[in-house]
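Engineer: Just a sequence and a predicted model for now, questions to come.
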Amino acid sequence: MFEDILVTGLINGGVYALLAVGFSLVFGVARIVNIAHTAFYMLAAYCFYALLVKAHFGFALAGLTAVVAVVALSVLSYKLVIEPVREHESAVLIATIALALIFQELMLFSFGGNFLGIPSTLEGTVTVIGVKIAYQRLLILAVAALMLGATWALLYRTRLGLAIRATANDLEVANLMGMNVQRVAMATVAISVALAAIAGVVVAPVFVVDPFMWLSPLVTMLAIVVLGGLGSMKGSLIGAFIIGYVEAITVFALPQGSFLKGAVALSIMVIVLLVRPEGLFGVSFEEER
Amino acid sequence: MLRSVLFAVLAAAAGTALAQGAIKIAILGPMAFVQGENHWAGAEMARDEINQAGGISVGGKKMQIELLRIDTNEIQSVPDATNAMERAVSRDKADFLIGGFRSEAVIAMQEIAMDYKKIFLGAGAAHSKLGINVEQNYDRYKYWFRLAPTKDVDLAKTVFTILASVAAQIRKDMNKPAPKVAILAEKAVWTEALVAAAQKNLPAMKMEVVGTWQPSATATDVTAELSAIERAGADIVFTILSGPVGISVGRQMGERSMKAIAFGINVEAQKDGFWQASAGKANYVATLDTYSEVEVTPKTVPFVKAFKARYNKSPTYNAASYDGIMILKAAIESVGSMDADKIVTYIENNVHVGTAGTDTFDKRHDLVWAPGKTTGIGVQWQNGEKVPFWPPQIKGMKSFKLPGH
């Protein structure tokens, strides 16, 4: 059972990390609580489905096109919906909820309420320390590691990354220093949605694509970012793996209570909010940001 | 301007004339989902068949059927369903009501229909409460009849009967006197009685229960549950699933090349889209179902063939809306009017040979449970085909297969 928990938690944590790090990034830089974040993940999955299954693009082309299209849509959404109300956090919250619901209803209208499946990019399974794992799940883990590494490199090895970190550190000072903080915020939204879209593309062949698939990961993602510390990317990364393992332990230790794994994650979120509102790593990473 | 007004007046007059000469039947279902699509498709087939033959004779006067497509959106919202029902009756002036899917919504919709004394033929919800209402307060609830599926308790009887035949095959082919069963049920109110019954009855049926796993109905990942089930050495995964988790179970069992066979209730596996949704991985997944090209009644095969030809897919049990309209036709023509009380009496006292089964109704206006007549059938996915295998005595049934056999 220990081996099962080890492997299952690692893979679940990888998917959650892709979503949570992007969400945290955009909050840390632009103070935007983007509830539509997982809706972009859902849109990418649908786009990938349409291009791969209906239009018969190859895996790589369908995946790339889906990510690019969703990122372009996110930039458009930012300009049209978020930027005009950006100064009002509650308005941003409501606007992004509305955006997510619009995307959901559009997919429901276009594809119906049917559950759709996407063929695996990689077929077959491998046994690791006695646990059977599908290659597709290993691919998810590898892509998650690669993307998180690339995000770190972008933030710490490029001028754009420097600008993003400077804006995250102090938006007003960055603005006074002549940086175009609006453009930095838009670039951050694009990077963060790209991470969500990549998650949608690699995860879609394992899960089921439907218009409501954004809701469950949204709840888990919120639990993760609160646990890790809102706005802290490292906190989100660690929080993602903690929640991934907590869910795995719940399923294996309480078979009849496996439906509780979401509730357990939310309970952790509530406890953290009560005991340490800044999150487990909030203070130290706050300074780092 | 004058011409526009004239057109509007003429259109309104034409609409009124059509309404006066037509029997309005509201088809209520979640129209963006498979269940509603099938409610509507079954009804369309009945409407076209009847209208092309001249309509329904009401006391000697031929009347056409006019269908009202009412989207209840009940999968997402129960209040939407009650609003839709209210609209169908009060604004659209429906004469009869057919459909419904989600028990919580149908229980609320039933109240509105009964308030207006409208005949409501259910084609989707299984909860016993709907029939209990009729028994406890006949005068109010007598306008309700359940066409499909059989009530939840009877669904359990059917599923245990089929499970016994699956276990017998495992005993014979795999030489396992007491097959090991893992119960995999989504966490929902409707599964509670079934889970308790399975835990109690399976040992008496000489099966060993190795555990019960209860994921969420919307879980997209059940690898942890399946991993634990594999380690428990299960031969049968007894599924009690209605949500998309049914797809995840089928697909992920296939991906893991599990030797256990999945059988039970898996609503998603009843749909033609299941094979695509599971990316062709759900071989050997079996479930209770209603329609296939087997002679449940003499009407079943022609109906299924015609349905497939028209809609390019197989009907689900919600397409029993077809049978509902046919029952109404027979009742109206027999009593010579659209008087609801007389029609109720006719439906209560007659046997109805439909496409989904041979229906007689008990004092709760539930279908009388009879294997091969109202129980539905067992089907199994075999290489992309949904193959019927139970009850074996019905003409057209094929063999149930075990992985690796």
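Structural biologist: Done, it's in. Residues are numbered from 1 along each chain as shown, chains lettered A, B, ... in the order given.

Engineer: Quick one: name whatever helix or strand follows the host helix or strand of A:Ala190.
Structural biologist: Here A:Ala190 sits within helix A:181-203, counting by DSSP states H and E. Sequence order places helix A:215-228 as the next helix or strand after helix A:181-203, per DSSP H and E.

Engineer: Contacts for that following helix, please.
Structural biologist: For helix A:215-228, contacts defined as CB atoms under 8 Å, 6 or more residues apart in numbering or on different chains pick out A:15-16, A:19-20, A:23-24, A:27, A:35, A:37-38, A:41, A:100, A:231, A:234-240, A:242-243, A:262, A:265-266, A:268-269, A:272-273, A:279-282, B:218, B:220. For the C-beta atoms, the positions are set from N, CA and C on the backbone; glycine is no exception.

Engineer: Go through the chain and flag its longest helix.
Structural biologist: Chain wasn't specified; assuming chain A. helix A:2-30 (DSSP state H).

Engineer: Let me rephrase: I mean chain B.
Structural biologist: Chain B, longest helix under DSSP H: helix B:152-174.

Engineer: Now the element after it, going C-ward?
Structural biologist: Once helix B:152-174 ends, the next helix or strand along the chain (criterion: DSSP H and E) is strand B:180-185.

Engineer: Assumed B:Arg146 was part of a strand.
Structural biologist: Yes - the assignment for B:Arg146 by DSSP: H, G, I helix; E, B strand; the rest coil puts it in a strand.

Engineer: That one bridge partners, please.
Structural biologist: Here B:Arg146 sits in beta bridges with B:Gly122, going by DSSP bridges.

Engineer: Could you list which residues are in contact with it?
Structural biologist: By CB under 8 Å, 6+ apart, the residues touching B:Arg146 are B:Leu121, B:Gly122, B:Ala125, B:Leu130, B:Gly131, B:His365, B:Asp366, B:Leu367.

Engineer: Please report the distance of it from chain A.
Structural biologist: 24 Å (CB to the nearest CB, to the nearest Å).

Engineer: And that residue, how close does it get to B:Gly100?
Structural biologist: 10 Å (CB to CB, to the nearest Å).

Engineer: How about A:Leu138?
Structural biologist: Distance from A:Leu138 to B:Gly100, by CB to CB: 45 Å.

Engineer: List the neighbours of stretch B:338-347 that are in contact with it.
Structural biologist: B:23, B:58, B:95, B:117-119, B:142-143, B:145, B:327-328, B:330-332, B:334-335, B:361.

Engineer: Now find how far off-centre stretch A:225-236 is within its chain.
Structural biologist: 12 Å (CA atoms, centre = their mean, to the nearest Å).

Engineer: State the helix or strand in which B:Lys386 lies.
Structural biologist: Going by DSSP H and E, B:Lys386 is in strand B:385-390.

Engineer: residue boundaries of the helices in the chain?
Structural biologist: You didn't pick a chain, so chain A it is. Under DSSP H, chain A gives helices at A:2-30, A:37-49, A:59-77, A:89-111, A:135-157, A:159-169, A:171-176, A:181-203, A:215-228, A:233-253, A:261-275, A:282-288.

Engineer: please go with chain B instead
Structural biologist: Under DSSP H, chain B gives helices at B:2-20, B:34-52, B:78-86, B:103-115, B:129-136, B:138-141, B:152-174, B:189-204, B:223-231, B:245-255, B:274-277, B:300-311, B:321-335, B:340-348.

Engineer: Please produce JSON lines containing those, extended by mean neighbour count.
Structural biologist: Formatted as JSON lines, these follow (neighbours: other CB atoms under 10 Å in any protein chain shown):
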{"stretch": "helix B:2-20", "mean neighbour count": "10"}
{"stretch": "helix B:34-52", "mean neighbour count": "22"}
{"stretch": "helix B:78-86", "mean neighbour count": "20"}
{"stretch": "helix B:103-115", "mean neighbour count": "21"}
{"stretch": "helix B:129-136", "mean neighbour count": "18"}
{"stretch": "helix B:138-141", "mean neighbour count": "14"}
{"stretch": "helix B:152-174", "mean neighbour count": "18"}
{"stretch": "helix B:189-204", "mean neighbour count": "16"}
{"stretch": "helix B:223-231", "mean neighbour count": "23"}
{"stretch": "helix B:245-255", "mean neighbour count": "27"}
{"stretch": "helix B:274-277", "mean neighbour count": "22"}
{"stretch": "helix B:300-311", "mean neighbour count": "16"}
{"stretch": "helix B:321-335", "mean neighbour count": "23"}
{"stretch": "helix B:340-348", "mean neighbour count": "17"}
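
Engineer: Looking at the ones you listed, spot the one closest to A:Gly257.
Structural biologist: Closest to A:Gly257 of the helices of chain B, according to CB to CB: helix B:223-231, at 11.4 Å.

Engineer: returning to that earlier point: can you tell which of the helices of chain B is closest to A:Pro205?
Structural biologist: helix B:245-255 (9.6 Å).

Engineer: No further queries at this time; thank you.
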